[in-house]
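Trainee: whatever this is, show me its structure:
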Amino acid sequence: MPDVRKIKHKIYMRTQNSSGAKTASVYRNLLKQAILMTLRSEQVAATCVINVLITDNNGIRKYNKQYRKIDRVTDVLSFPMQEFKQAGWLGNEKMEIDMDTGMLPLGDIVISAQRAKQQAGKHGISIEQETVHLIIHSTLHLLGYDHNNNKNEKIMQSKESALLKDMGYF
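Mentor: Below you'll find the predicted structure:
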């Protein structure tokens with residue numbers, strides 16, 4: 001198994017509006033670091049590609065309505081490109097590698113910088129911490145984790161808390 005610390009994942013970030021652009025420029029490296037830490041913690045042993053779009057409430061509402069048929073604002077959306085037999089990397093060796101690049105397209109993340117700011121204020125934490133939490137949460141979704149029942153929700157929350165702690169937020 002390759003050393004997961006040495007794998008060079010590709011993380012592409014873009015913004016859709018001015019509020020997203022500010023968040024992207026300020027937290028770009030931090031968000032990439034959170035994604036990389038999540039992939040390493042899950043021992044992802046293939047070079048992955050993840051696309052991140054930072055937008056505002058109107059932008060994320062549009063994506064939520066278009067792809068999930070839910071006409072309301074949310075904080076983050078995850079669009080996995082791989083199917084997992086079980087949550088997490090281990091035991092999922094049969095991933096669909098892109099034949100042109102040799103990389104694994106893991107999926108797309110859409111995050112509302114505006115909603116993250118609102119939630120940070122509500123929870124009494126920094127927008128930085130809230131945004132990192134949302135990126136970790138969404139990356140775990142790309143790896144097959146879900147919070148569709150109490151057991152899975154506790155697993156996901158435990159992983160999120162451990163990663164936030166590793167990044168110095170607790």
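
Trainee: name all residues that make contact with the nearest residue to Tyr145 once chain neighbours are set aside.
Mentor: Excluding the flanking residues, the one nearest Tyr145 by Cβ to Cβ, 6 or more residues apart in numbering is Ala87, at 4.4 Å. Placement of C-beta: from N, CA and C, glycine included. Ala87 makes contacts with Leu140, Leu143, Gly144, Tyr145, Asp146, Asn152, Ile155, as judged by Cβ atoms under 8 Å, 6 or more residues apart in numbering.

Trainee: what two of those are the furthest from one another?
Mentor: The largest separation in the contacts of Ala87, counting by Cβ to Cβ, is between Leu143 and Asn152 at 12.7 Å.

Trainee: of these two, which one has the most company?
Mentor: Leu143 (23 against 13; other Cβ atoms under 10 Å).

Trainee: which residue ranges form the strands in this structure?
Mentor: Per DSSP state E, the chain carries strands over the ranges 10-15, 48-55, 76-80, 104-112.

Trainee: show me what counts as buried in the first one.
Mentor: Of the residues in strand 10-15, those with enough neighbours to count as buried (16 or more other Cβ atoms under 10 Å) are Ile11, Met13, Thr15.

Trainee: parallel or antiparallel, list what pairs with it.
Mentor: Strand pairing for strand 10-15, using DSSP bridges, gives strand 48-55 (parallel).

Trainee: hmm, who's touching the partner strand?
Mentor: Residues outside strand 48-55 that contact it (Cβ under 8 Å, 6+ apart) are 9-17, 20-21, 23-24, 31, 35, 39, 59, 63, 98, 101, 103-113, 135, 139, 142.

Trainee: same question, stretch 156-166
Mentor: 34, 37-38, 41, 129, 132-133, 136-137, 140, 145-147, 170.

Trainee: okay, Leu30 and Lys151: tell me how far apart.
Mentor: Here the criterion is Cβ to Cβ, to the nearest Å. By it, Leu30 lies 31 Å from Lys151.

Trainee: those two: which has the busier surroundings?
Mentor: In this view Leu30 and Lys151 are compared by other Cβ under 10 Å, and Leu30 has more residues nearby, 14 against 9.

Trainee: which residues touch that one?
Mentor: Leu30 sits next to Glu128, Thr131, Val132 when contact means Cβ under 8 Å, 6+ apart.

Trainee: please apply the same query to Thr101.
Mentor: Listed by Cβ under 8 Å, 6+ apart, the contact partners of Thr101 are Val49.

Trainee: next one: phi and psi at it?
Mentor: Reported as degrees, to the nearest 10, the phi and psi values for Thr101 are phi -110, psi -20.

Trainee: picking that back up, nearest to Ile70 among the buried residues of strand 10-15?
Mentor: Thr15 (22.7 Å).
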